[in-house]
Structures are given as C-alpha cells and as structure tokens.
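1. Need a 3D model of the following:
(chains A and B)
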Amino acid sequence: MTLGERLRPDFPILARTIGGRPLVYLDTAATAQKPRPVLDAVRGFYERSNANVHRSIHTLGEEATELYEQARDRTRAFLGARFREEIVFTRGTTESINLVALTWARRALVEGDEILLTEMEHHSNLVPWILLARERGLLLRYVPFDEEGRLDLGALDRLLGRRTRLVTLTHVSNVLGTVNPVADIVERAQAAGARVLVDGAQAAPHLPVDVASLGVDFYAFSGHKIGAPTGIGVLYGRREVLESLEPAIGGSEIIREVWLDRVTWNDLPWRFEPGTPPIADAVGLGAAIEYVEAIGREAIAAHDHALTTEALERLTEVEELQRHGPPRPEARVGVLSFNLPGVHPHDLAAALDAEGIAVRAGHHCAQPLMRRLGVAGTVRASFGLHTTSNEIAALMEGLRHARQTFGVRGGRGSVRGSDAVGAVSRLGSSAR
Amino acid sequence: MTALYGDVVLDRFRHPRHFGALTAPDASHEDVNPLCGDRLRVELRLGGEAGGSLAEVRFQGDACAIAIASADLLAEMAEGRTAREAGRIGQEDILGALRTTIRSSRLGCVTLPLTVLRGALARLSGSGEPGSEADSRCLAGKPR
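-> Okay, the predicted model is just below:
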C-alpha cells in the first residue's frame, strides 16, 4: 500500500462526492485538506481549553497559553530554528513577508538601495516590495529563469551589487514547481552583504526545511498549506535581526509598559503578535506538524517525488500538452502547471470539475511569471499526502475528455495589453 | 459533456460570428478579468442612418468559452442599435441568451465583454477616456 492510500482515511473530506464522482483533490498547493488529528485538536481546544492567552490566571487561561506556546515549540523544531524567540505567528505567508517589509526593511533600507527578487515570485512576494520601493525610492531587480524553470544564477551574481540590501525569493515556485537552490543563493547574497528572505509557502508541504543550515535571515510559510487551519502562519527571523526591530502594528501583547506618550516593547516573539492571536489555529498548526512528522518528512518527500515522476511521464502522453517547469523530477516538487493549446485553463478546470477533479486554473497570483511563459494562465495540479496513482490516471482521462469537448486547434491568438512587462515568449514551457 | 456549459456556449465558442478586428474602427477598448488574466478587445464601427447606430462590432481575445460566447452574443445584440441602446444591454440579457447556468465563480467571464463594450461606447461618445482598470493599477508602482 502506498503512503497516499494508507493516509486517505485520515482525511474526512475525501469521502465527499462531486456530482456523483469521488473527489479527486489536486489543489493542495492552494490549500491542503485537513487530517482528522488537526480537526480534533481545534475542536478539542474549543471544547476543553478555550481562553485567551498570556493574561488569564485561571486554569483555562493557563492551558490555552501552554497549548499556544507548545505549537511555537513544535514549529521551531519543524523549521530547524535554534530559538523559540525566532518563531513569530502571523496570519500566513503574506503577512509574514509584509512584516519583514514593514519592520526590518522599512527601517534598514534607504533611497537608492536595491532589492533583488526573481521573475517567479508569487504576488505576495512582489507587491509588498513594490509598495515599499515606491515609499522609499528603492530599486527592484529581478533574476530571470530559463526554459526549464531554473533561476539564472549567473544573472543573480551580476545583479548582486553593493546597494543590494535584500534578496527575497521563493523556495519552491507555486507555478513551475522548481526547487530553488536556496543555500547556494544565501551564500552568494550574504557574501555581497545582503539579507535573505525566503517564501516557503510551497516548500514547507513538500520538503524538509532547515533554516539554520540554509542560513536564511527570514523564512515565511502558511499553516494551511501543511494541513493546519487557515489564518495561522509563521515568520522565522534570526534572533539577532529580530531583536533590533520595532513592531509595525500597534496593540496589546507587543508591549512591556505603556504610558500616555510612550511604550517599551515586549520580548521576542510576542513583540510582533499584536492583539489576541489565532489561538485555536495555532493549536491546529501544532497538530498538523505533529501529524507530518509522525509520517516523516523524508517519506513525504519520497511520496511526492514518486507521484511527480509518474505525472510528468504521463503528461507527455497527452498530445500537444505544454508542461511548464523543470522536466526532471529531481529539480522540482509535485506542483505541475500545463497548458492544452486551444483549451482555456478555466474551461479545462471546469471540465475536470465535472469529473470530480479539483485543480487550479488561472494566473496563480504570479502574473509576471505568466507573461514570461507567454500565457494568460495555466492549469495546475498539485499533490498532497493523500494523492494516489489512480488520481493521476483520473486526471489524464479528464484531460482527454476536455480536449474532445473544447479542442480548437492552434488557439485563436491573444490580445496582450500595453502593460505587459518584458518580452512575451514561450520561455519556461516544454511542449511535448 | 455539452451539459457542462450547454450547446449555445460551445457553439459560440467553436464558431464565433463576431470574432476579429475592424480595419478602421470608430472606437476600441480592451480590459482584463483580474481573476484569470483574460484580456478582451472590442472594436466598433458606426453606420446606418446618419451614422447613428453600431454597424459592426468585433471582439478579439484568448479567453475562456464563457467569455467568448458572451462576447459573441453581446456583439450580435449590440449591432444595429444606437450606442445608447447598446449601453443598456446588461448581464441578465447575456445570461438569458447563453441558455445555461453560469456559476457565480464564472460571472466575471460574462461581465468582462460588457465592461469592454461600455468602455468602447464611452470613447465613442467622448464622455471621457475610461482607461483600462489594469493599466491604472499598474501605474501605481512600476518597478524601476
């Protein structure tokens, strides 16, 4: 029995049918389904221990605080961080990245400083920097990627300059599935005197992550993509960096003392957690990490690799299908984007949904990347702990049906607006 | 599989009657659906009695079946009407003509052609340069 088959009973939602067909959930990159231990932990918290954290002296308050802080300890171990002070709970990856922009970057960067990003970033790791660049007069530079969806490290070296203060990039592309060589990039960036922020939203569900050995200054991820509830995320920040920072959002919890005209800040990590936190969601995150670690992160990576290898192979059987991202499974994870010429991604997704198959279609919040690929959108299938070979077979069958329904040979040609940045080309796609 | 979208959508998608460009349009406009990134362009030519009505309406774009079918039906409804009349065509009119149920997540595919047509009509009547929403958003912070 494969890992996917063994774990399926843990996910109550997989019992659902869609239009009379069993649900085939291939949209884990958008959000992961929740295993029963997570659902039980959240429910158990509300039924037994619900109280506010850090202030209540009563028994429930103490239990709630203990459970919330236990989740932090689990997260610290999950990321390989050295200190619990380095783990800040946020609402998700987006908030984590914004927190770095509004605390460290806003304070450290001055007009003319440069931030180095990549052309494969999710909007969450683009927009905060575009906003800050506008406010502070910063320059944003972008590392391109090649036909196989790999970052051009030669370009990275050329773009790294004396004014580069921050290198910020995704660990795993949410469109291409590429695993970027973060440790190598950190070495190059830090040699140039820049700090490094990594968007780990797509890496945390698929790969073992060790922030200490990667050497990053900041690492962000979302709980909901590893099976935790929505509304809880994590920012890891190296202690010596976080220590010097002031909070970006004011409120309770972040302070030591308040006068009418001044405040002193709380210790790490609470300095960056204003207001009542998402306590039950954090407890759910702790349970999700416990679940993942009981399976084993190496075993999960092997499961993902086997599915990716199989899916890449089978996708080549679909005539004319254009796959994006690295052709070799070793260079990527189970997040697979593709286009079927003549069939719009949303039509393809609707046709697959009619067969119970849930995939993502659209620009995946990565419009600059889409322009680089020369498409308005793609279809993306992404794998979870519960994904099986049978489901990949169902996807292939669905693709064949959709092609029969919508196939317009060669497509119609598109209108590309004047706001398109950069050349529109077929880079990064490997047509088969 | 036709049950997915219905016969009208599939027919209009496969064989749109108003797809293409005009050689000398009196007005044109394009816009995007921010959800999916689809971009549609519409072009108009005036004609008829004293040039008071829309003689030709053409659209282009690489869009989904629902957007293509909606644009094609809208172009057909608009032709022969005055700009003022064409501007009154609404979402319900297109939904009726599509003769199928459109899920709420796809209503944007129906309204995109309407937005684009109204933009072109606004240019025609000179009531301001509407400017595509996408363009104005981009101006907010182009990386240098």
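2. List phi and psi for the closest residue to residue A:324 other than its chain neighbours.
-> In space, and not counting its chain neighbours, residue A:324 is closest to residue A:337: 4.4 Å by Cβ to Cβ, 6 or more residues apart in numbering or on different chains. All C-beta atoms are positioned from the backbone trio N, CA, C, and that covers glycine. Dihedral pair for residue A:337: phi -100, psi 140, per degrees, to the nearest 10.
3. Who is residue A:337 paired with across the strands?
-> With DSSP bridges as the criterion, residue A:337 is bridged to residue A:380.
4. pLDDT below threshold where in chain B?
-> By pLDDT under 70, the weakly predicted segments of chain B are B:1-2, B:127-144.
5. tell me the helices in it, going along the chain?
-> Along chain B, counting by DSSP state H, helices occupy B:7-14, B:65-78, B:83-86, B:91-98, B:107-124, B:133-139.
6. Turn the ones you listed into JSON lines, columns for distance to residue A:269 and mean neighbour count.
-> Formatted as JSON lines, the helices of chain B follow (distance: least, Cβ to Cβ, whole Å; neighbours: other Cβ atoms under 10 Å in any protein chain shown):
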{"stretch": "helix B:7-14", "distance to residue A:269": "52", "mean neighbour count": "18"}
{"stretch": "helix B:65-78", "distance to residue A:269": "47", "mean neighbour count": "25"}
{"stretch": "helix B:83-86", "distance to residue A:269": "59", "mean neighbour count": "17"}
{"stretch": "helix B:91-98", "distance to residue A:269": "49", "mean neighbour count": "15"}
{"stretch": "helix B:107-124", "distance to residue A:269": "40", "mean neighbour count": "21"}
{"stretch": "helix B:133-139", "distance to residue A:269": "35", "mean neighbour count": "13"}
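7. Quick one: the ones you listed as a markdown table, columns for distance to residue A:151 too.
-> Output for these, formatted as a markdown table (distance: least, Cβ to Cβ, whole Å):
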| stretch | distance to residue A:151 |
| --- | --- |
| helix B:7-14 | 38 |
| helix B:65-78 | 34 |
| helix B:83-86 | 49 |
| helix B:91-98 | 44 |
| helix B:107-124 | 33 |
| helix B:133-139 | 25 |
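8. Could you check those and tell me which one is nearest residue A:264?
-> Of all those, it is helix B:133-139 that lies closest to residue A:264, at 40.6 Å by Cβ to Cβ.
9. Now the residue minimising distance to the centre of chain B. Nearest residue, chain neighbours left out?
-> Note on chain B: the residue nearest the mean C-alpha position is residue B:113, at 2.4 Å, using Cα atoms, centre = their mean. If the residues on either side of it in the chain are set aside, residue B:113 comes closest to residue B:71, at 3.8 Å by Cβ to Cβ, 6+ apart.
10. show me what contacts that neighbour?
-> Contact analysis of residue B:71 by Cβ atoms under 8 Å, 6 or more residues apart in numbering or on different chains lists B:16, B:18, B:40, B:42, B:59, B:61, B:63, B:112, B:113, B:116.
11. Please report how far residue A:129 lies from chain B.
-> For residue A:129, the distance to chain B equals 8 Å [Cβ to the nearest Cβ, to the nearest Å].
12. What residues sit buried inside the one helix or strand residue A:293 maps to?
-> Element membership for residue A:293 (DSSP states H and E) is helix A:279-295. By neighbour count on 16 or more other Cβ atoms under 10 Å in any protein chain shown, the buried set for helix A:279-295 is A:279-292, A:295.
13. which helices and strands sit right next to it?
-> The helices and strands touching helix A:279-295, judged by 3 or more Cβ pairs under 8 Å, 6 or more residues apart in numbering or on different chains; DSSP states H and E, are helix A:36-44, helix A:59-79.
14. now do 10 Å
-> Where contact means 3 or more Cβ pairs under 10 Å, 6 or more residues apart in numbering or on different chains; DSSP states H and E, helix A:279-295 is packed against helix A:3-7, helix A:36-44, helix A:59-79, strand A:87-90, strand A:233-237, helix A:297-315.
15. Residue A:216: which of these is closest?
-> Nearest of these to residue A:216, taken as Cβ to Cβ: strand A:233-237 at 7.7 Å.
16. Pull the helix or strand following that closest one out as PDB, backbone CA atoms only.
-> Sequence order places helix A:239-243 as the next helix or strand after strand A:233-237, per DSSP H and E. In PDB, the C-alpha atoms belonging to helix A:239-243 read as follows (Å, rounded to 0.1, in the frame of the first residue of the first chain):
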ATOM      1  CA  ARG A 239      17.200  36.400  16.700                       C
ATOM      2  CA  GLU A 240      19.900  39.000  16.300                       C
ATOM      3  CA  VAL A 241      17.900  40.600  13.400                       C
ATOM      4  CA  LEU A 242      14.500  40.500  15.200                       C
ATOM      5  CA  GLU A 243      16.000  41.800  18.400                       C
END
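17. Thank you kindly, that will do.
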